[in-house]
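Engineer: Predicted model and sequence follow; I will ask about them next.
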Amino acid sequence: MNHTILSNLDPMLLAVSDNGVPNDVWSGWGSVIMAVGGMALIGVLLALIIWQVFRTAQSKIVVAETVARDEEYRKLAEQTAAAHDKLASHQQRIADDMADLRERITSIERLLSEVG
C-alpha cells in the first residue's frame, strides 16, 4: 500500500526518511527554509523599493535646488546687463561732454591767439 501512495505522489514533493516512510518536504526544515528565504526576498525587495523612493526624493530636491540656483543666476545676469547698459550710456554722455569741452577749449585758444 505504501508503494501505491508513493507512485501517485510527485517525487519532487517527497523525501524518504531512513526508515523508508515518505516525508513531505514542506514539513519540518523545508518549510522553515522556504519561509526564511521568502522573508529575506521580501525584505530585500522592500529595502530596494524604500531606497529608490529616497533616491527619487533626493533627486527632486537636487532638481529644485538647481532650478532655484539657475533662477538666481538669471536674475544676476539681468542685473549685470542693466548695469552694463547704464554704464554705457554714462560713458557716451561723458564722451559727448569731453568733445564739447575740446571744442570750447579750441575756440578759447583761437580767441586768445587772436587777442594776444
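Structural biologist: Looks like it arrived, so ask away.
Engineer: switch to C-alpha atoms for all contacts and neighbour counts from now on
Structural biologist: OK.
Engineer: OK, contacts around Ala99?
Structural biologist: Contacts for Ala99 were tallied using C-alpha atoms under 8 Å, 6 or more residues apart in numbering; there are none.
Engineer: element containing it?
Structural biologist: Secondary structure from DSSP states H and E places Ala99 in helix 29-115.
Engineer: Tell me how far that helix lies from the chain's centre.
Structural biologist: 17 Å (C-alpha atoms, centre = their mean, to the nearest Å).
Engineer: model confidence over it, on average?
Structural biologist: For helix 29-115, mean pLDDT is 95.
Engineer: and the gap between Arg110 and Glu103?
Structural biologist: 10 Å (C-alpha to C-alpha, to the nearest Å).
Engineer: Ok, Met34 next?
Structural biologist: Using C-alpha to C-alpha, Met34 is found at 102 Å from Glu103.
Engineer: try Val53
Structural biologist: 75 Å.
Engineer: do Gln58 as well
Structural biologist: Distance from Gln58 to Glu103, by C-alpha to C-alpha: 67 Å.
Engineer: Same question for Ile61.
Structural biologist: 63 Å.
Engineer: try Val44
Structural biologist: In terms of C-alpha to C-alpha, Val44 sits 87 Å off from Glu103.
Engineer: Also Glu78?
Structural biologist: Counting by C-alpha to C-alpha, the gap from Glu78 to Glu103 is 38 Å.
Engineer: same deal with His84?
Structural biologist: 29 Å.
Engineer: and if you look at Gly43?
Structural biologist: As defined by C-alpha to C-alpha, Gly43 lies at a distance of 89 Å from Glu103.
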